[in-house]
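>>> Quick one: sequence and predicted model below, then my questions.
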Amino acid sequence: MSVRRGLALVPLLLVLASPAVAAPSKPPPKPTPKPVTTIGIGLDPFAITYGQTASVSGQLTGHAVRQPLVLHGAPFPFQAFADVARGASGADGRYSFAVAPPIIMRYQVSSATDPSVASGIVHLTVSQRVDAAVSDSTPRRGQLVRFSGAVGPGNPGAVAYIQRRVPVSGRFRTIKRTHLLDAGLTSSVFTTHVRIRHTGLYAVRVRATHYNAQGYSGLIAIHVH
């Protein structure tokens with residue numbers, strides 16, 4: 001074989017002797033992340049009178065919407081939450097808890113199996129309930145009329161303000177004060193006599209405390225003759 005022919009074969013032999021280069025492999029597919037479960041929360045209504053009921057409700061979104069849930073509550077001054085009730089969300093993720101606290105509360109809902117999954121916090125205002133009545137709604141002018149009633153929850157020592165609405169301004173003016181007497185944890189009572197000289201609308205008010213918003217009785221119509 002001639003030298004020229006041998007030189008021509010060298011590149012071909014080098015190519016044949018080179019190791020095979022593997023085709024680049026595709027990276028493995030990334031796993032699809034599971035949707036994060038979130039808990040929505042709402043309150044209806046945001047303010048109640050002592051003895052009434054409110055609804056803490058909402059909906060779960062994301063993965064595993066059907067879950068056992070825990071309702072937590074913190075009374076004023078809202079330093080710690082404690083378990084109030086247990087329930088579960090439905091197939092559509094919705095849930096609801098009925099609450100009737102005696103004092104102002106904050107609520108939160110969390111997953112019973114994963115406490116790190118929790119809702120926001122809602123605030124429920126609870127006003128005092130004031131029930132009042134008079135001994136005579138059609139007294140003679142200048143007659144003494146007895147105002148009596150109960151306030152819940154119990155708030156002994158607080159002041160009940162007997163008030164009359166001023167016709168011109170529509171505002172209520174205090175005409176008598178009396179202290180609430182102890183009648184147990186659920187209520188306090190009051191009794192006082194007021195000399196009535198004017199036909200008009202009357203009511204009883206109790207100021208707010210740290211635990212309850214102020215309370216008003218219903219309007220009492222008195223007609224003087």
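Received the coordinates, thanks. Numbering: from 1, shown residues only.
>>> and the protein, what are its domains?
The chain is divided into the following domains under automatic domain parsing: 38-127, 129-222.
>>> And Ser110, how far from Arg141?
Remark: distance between Ser110 and Arg141 (Cβ to Cβ, to the nearest Å) = 62 Å. In short, each C-beta sits where N, CA and C put it, glycine included.
>>> Same question for Ile196.
Taking Cβ to Cβ, one finds Ile196 at 8 Å from Arg141.
>>> Over to Val168?
Counting by Cβ to Cβ - Val168 and Arg141 are separated by 20 Å.
>>> Which one's more surrounded, the two?
Taking other Cβ atoms under 10 Å, Val168 and Arg141 do not tie; Arg141 has more neighbours (11 against 5).
>>> got a list of what that one touches?
Residues near Arg141 by Cβ atoms under 8 Å, 6 or more residues apart in numbering: Ile196, Arg197, Val224, His225.
>>> Kindly recompute the last result at 6 Å.
Arg197, Val224 (Cβ atoms under 6 Å, 6 or more residues apart in numbering).
>>> How about Gly154?
Taking Cβ under 6 Å, 6+ apart, we find Gly154 in contact with Gly184, Leu185, Ser187, Ser188.
>>> Could you check how many residues crowd around the last one?
Counted with other Cβ under 10 Å, the neighbours of Ser188 add up to 24.
>>> tell me the contacts of the closest residue to it other than its chain neighbours?
Of all residues not flanking Ser188 in the chain, Leu180 sits nearest, at 3.8 Å (Cβ to Cβ, 6 or more residues apart in numbering). The neighbours of Leu180, taking Cβ under 6 Å, 6+ apart as the test, are Val151, Asn155, Pro156, Ala158, Ala160, Ser188, Phe190.
>>> Just the buried ones from the residues you listed, in PyMOL syntax?
With 16 or more other Cβ atoms under 10 Å as the criterion, this PyMOL line picks the buried residues out of the contacts of Leu180:
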select buried, resi 151+155+158+160+188+190
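>>> ok, which pair from the contacts of Leu180 is furthest apart?
Largest separation among the contacts of Leu180 by Cβ to Cβ: Pro156 and Ala160, giving 11.3 Å.
>>> low-scoring stretches of the protein, by residue?
In the prediction, the chain carries residues with pLDDT under 70 at positions 1-25, 29-35, 64.
>>> still on that earlier bit, drop anything exposed from the contacts of Gly154.
Buried by 16+ other Cβ under 10 Å: Ser187, Ser188, out of these.
>>> Looking at the contacts of Gly154, which are in strands?
Members of the contacts of Gly154 lying in strands (criterion: DSSP state E): Ser188.
>>> So which of the contacts of Gly154 is the closest to Gly87?
Taking the contacts of Gly154 together and measuring to Gly87 by Cβ to Cβ, the closest member is Leu185, at 27.4 Å.
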